[in-house]
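Engineer: turn this into a structure:
(2 chains)
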Amino acid sequence: MRRLLFILAVFLLTASTWMALTAGQIVPVQRNILYAHVPSSICALLCFVVLLVAGIGYLAGGRDIWDMIAVASAEVGLVYATILNATGMIFSRAEWNVWWTPSPRLITSAILWFLYVVYLVLRVNLPGSRRRRARICAVFGIIAFLDVPMVFLSARFIPDMHRPSFSFESTWQSAALALAMIATVLLGTAMIWLRTDSLRNTLRLEEQFLA
Amino acid sequence: MFYLCLAFSSLWACHLIYLLTVDVQVRQVRRRLDARAEASPRDA
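Structural biologist: So this is what the prediction gives:
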């Protein structure tokens, strides 16, 4: 099932890239970076939603599976936040001739990336038992979620060179973006699933060694 | 065109690096499981 999800996601991602470079091409050509940038941003924010839900789930029930989902979503979220910031910087350089500018959305997106890094650093370096670490990280994940509405709303309410939304000229362009979004979310889901399974096996192994 | 290629390359590179990292970790767990099975065949 997971393998099927991976194959489907990669197929859709390739199809959307092909569609973006042919019928759905935006002029000038560098604006096609949007097809990589926008889905990554949606996925990075969705991973934070999963992190929030998993954090609340762990604090409410104390089940290890919630903690593993939280770690997996933080790792996958970091991947997408990296893609979001990297493609954003490349777009900025191509469109505005600067790699970085202190605009509200760029700053909140950079903070998003740092929050994922801090979460994963805390995960590895906090002293104490595994349960204590998981509890503190769950609380951190819930508080860090506050950055998500800031990223989403910053460009809408504060004057910014980053546009809050983008209007397409043809249905091919909208279809290519929709396809890229579906593919990216599917790929993110498959990666979270894979990592959660890997973490579960590691935990099972450690428990067997301790028994 | 250069920036477009750079953006899409970074997209695929990030995915591949993460999947390779997960793959290494999965292989390590599998190796440890195999070693444990060899050490105590009854538990396997």
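Engineer: residues from chain B in reach of chain A?
Structural biologist: B:1, B:3-4, B:6-8, B:10-11, B:14-15, B:18-19, B:22, B:25-26, B:29, B:32-33, B:36, B:43 (C-beta under 8 Å from any C-beta of the partner chain). All C-beta spots, glycine's among them, are computed from the backbone N, C-alpha and C.
Engineer: for residue A:74, grab the count of nearby residues.
Structural biologist: The number of residues packed near residue A:74 is 29, by other C-beta atoms under 10 Å in any protein chain shown.
Engineer: how far away is it from residue B:28?
Structural biologist: Applying C-beta to C-beta, to the nearest Å, the value for residue A:74 to residue B:28 is 20 Å.
Engineer: again with residue A:59
Structural biologist: To residue B:28, residue A:59 is 30 Å away according to C-beta to C-beta.
Engineer: same check, this time on residue A:108
Structural biologist: Counting by C-beta to C-beta - residue A:108 and residue B:28 are separated by 36 Å.
Engineer: the more surrounded of these two?
Structural biologist: residue A:108 (19 against 13).
Engineer: any bit of the helix or strand encompassing that one sitting next to chain B?
Structural biologist: Using DSSP states H and E, the element containing residue A:108 is helix A:104-125. No: between helix A:104-125 and chain B, judged by C-beta under 8 Å from any C-beta, nothing touches; the nearest distance is 12.0 Å.
Engineer: would you mark the buried spots in the helix or strand that that helix is followed by?
Structural biologist: On the C-terminal side of helix A:104-125, the closest following helix or strand by DSSP H and E is helix A:130-144. The neighbour-count check on helix A:130-144 (16 or more other C-beta atoms under 10 Å in any protein chain shown) flags A:133, A:134, A:135, A:137, A:138, A:140, A:141, A:142, A:144 as buried.
Engineer: and the residue in chain B that chain A sits nearest to, how far from residue A:20?
Structural biologist: Nearest residue of chain B to chain A, counting by C-beta to the nearest C-beta: residue B:3, 3.8 Å away. The gap separating residue B:3 from residue A:20 is 14 Å, by C-beta to C-beta.
Engineer: of these two, which one has the most company?
Structural biologist: Each of residue B:3 and residue A:20 has its neighbours counted (other C-beta under 10 Å); residue A:20 has more, 25 against 18.
Engineer: you'd agree that one is up against residue A:178?
Structural biologist: No: Residue A:20 is not in contact with residue A:178 according to C-beta atoms under 8 Å; the separation is 11.3 Å.
Engineer: give me the most central residue, chain A.
Structural biologist: residue A:44 (1.8 Å; C-alpha atoms, centre = their mean).
Engineer: please apply the same query to chain B.
Structural biologist: Using C-alpha atoms, centre = their mean, the residue of chain B that lies closest to the mean C-alpha position is residue B:23, 1.4 Å off.
Engineer: mean confidence for the top helix by length along chain A?
Structural biologist: If you go by DSSP state H, chain A has its longest helix at helix A:171-210. Averaged across helix A:171-210, the pLDDT comes to 86.
Engineer: ok now that helix, how far from the chain's centre?
Structural biologist: With C-alpha atoms, centre = their mean, to the nearest Å as the basis, helix A:171-210 stands 11 Å off its chain's centre.
Engineer: mind giving me the packing neighbours of it?
Structural biologist: On a contact count with 3 or more C-beta pairs under 8 Å, 6 or more residues apart in numbering or on different chains; DSSP states H and E, helix A:171-210 meets helix A:2-21, helix A:34-61, helix A:64-96, helix B:2-39.
Engineer: can you give me the buried ones in it?
Structural biologist: A:173, A:175-177, A:179-203, A:205.
Engineer: residue A:175 versus the residue nearest to the centre of chain B, what's the distance?
Structural biologist: With distances taken as C-beta to C-beta, residue B:23 is found 33 Å from residue A:175.
Engineer: residues contacting the residue nearest to residue A:72 when sequence neighbours are not counted?
Structural biologist: Leaving aside its chain neighbours, residue A:72 sits nearest to residue A:195 (3.7 Å; criterion: C-beta to C-beta, 6 or more residues apart in numbering or on different chains). By C-beta atoms under 8 Å, 6 or more residues apart in numbering or on different chains, the residues touching residue A:195 are A:71, A:72, A:75, A:76, B:22.
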